[in-house]
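Q: with the input below, show me the fold.
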Amino acid sequence: MKGDTDSERLFALITKETAARDGDVKAGIEAACRWVANALPLLAINLVLTTEHDLWALRYPDVHDLFVLDREPADPLDHNSGLGTRVNSDHDGRLVVVASEKLDDDAWRPLAPGELVHTNGGVRVSSRVILEEPPARQLTLAELDPRARASQAGGGPAV
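A: A predicted model of the protein is given here:
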């Protein structure tokens, strides 16, 4: 394994678990994240995984926000959060956007703790809570080293 960050290790585990389940990415994500939640000290997992045609997003547990915008065909997308985050697209079809903050006043839906959202190219969106129990060993910010604690201050993705 070349990567040594928690995110790289989680995605390596997801890849391994997906391969063990004949390429079923959803099952791979669920198995990997369930193992991490039960076996390792954990602050949070907010992940977004994409392939050529699919997107999966998971929020676990309730440490950091994660939102989804499922937008039917409309005008081109141009979101600016006012906090420096901007998303734009000239695509006028259905769009599914995942973000750690609401980018505007559209109907952003917060993901529930443990909820996995999946879309296959924006054609179909489904979601299900895959992790109902809290982590076996929930970390607090105070338990993190100063560098790790500082990385969590912005509320961005964490694993």
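Q: what's the nearest residue to the residue positioned nearest the centre of the chain if we skip its chain neighbours?
A: For the chain, the residue nearest the mean C-alpha position is Leu47 (2.7 Å; Cα atoms, centre = their mean). Nearest residue to Leu47, sequence neighbours excluded (Cβ to Cβ, 6 or more residues apart in numbering): Leu58, at 5.0 Å. In this view, the C-beta of every residue, glycine as well, is placed from N, C-alpha and C.
Q: hmm, that neighbour is touching Arg128, no?
A: No - in this structure, Leu58 is not within contact of Arg128 by Cβ atoms under 8 Å, at 10.6 Å.
Q: re the thing from before, per-residue pLDDT, the residue nearest to the centre of the chain?
A: Per-residue pLDDT puts Leu47 at 95.
Q: also Leu83?
A: On the pLDDT scale, Leu83 gets 61.
Q: please parse this structure into its domains.
A: Using automatic domain parsing, the domain parsing of the chain gives 1-63+112-121+132-159, 67-110.
Q: how near is Pro134 to Val125?
A: Per Cβ to Cβ, to the nearest Å, Pro134 is found 26 Å from Val125.
Q: buried set for stretch 140-148?
A: Neighbour-count burial for stretch 140-148 flags Leu144 (criterion: 16 or more other Cβ atoms under 10 Å).
Q: ends of that stretch, how far apart?
A: This stretch, stretch 140-148, spans 11 Å end to end (Cα to Cα, to the nearest Å).
Q: with stretch 119-128 instead?
A: 12 Å.
Q: from the rest of the structure, what touches it?
A: 53-55, 68, 70, 93-96, 111, 115-118 (Cβ atoms under 8 Å, 6 or more residues apart in numbering).
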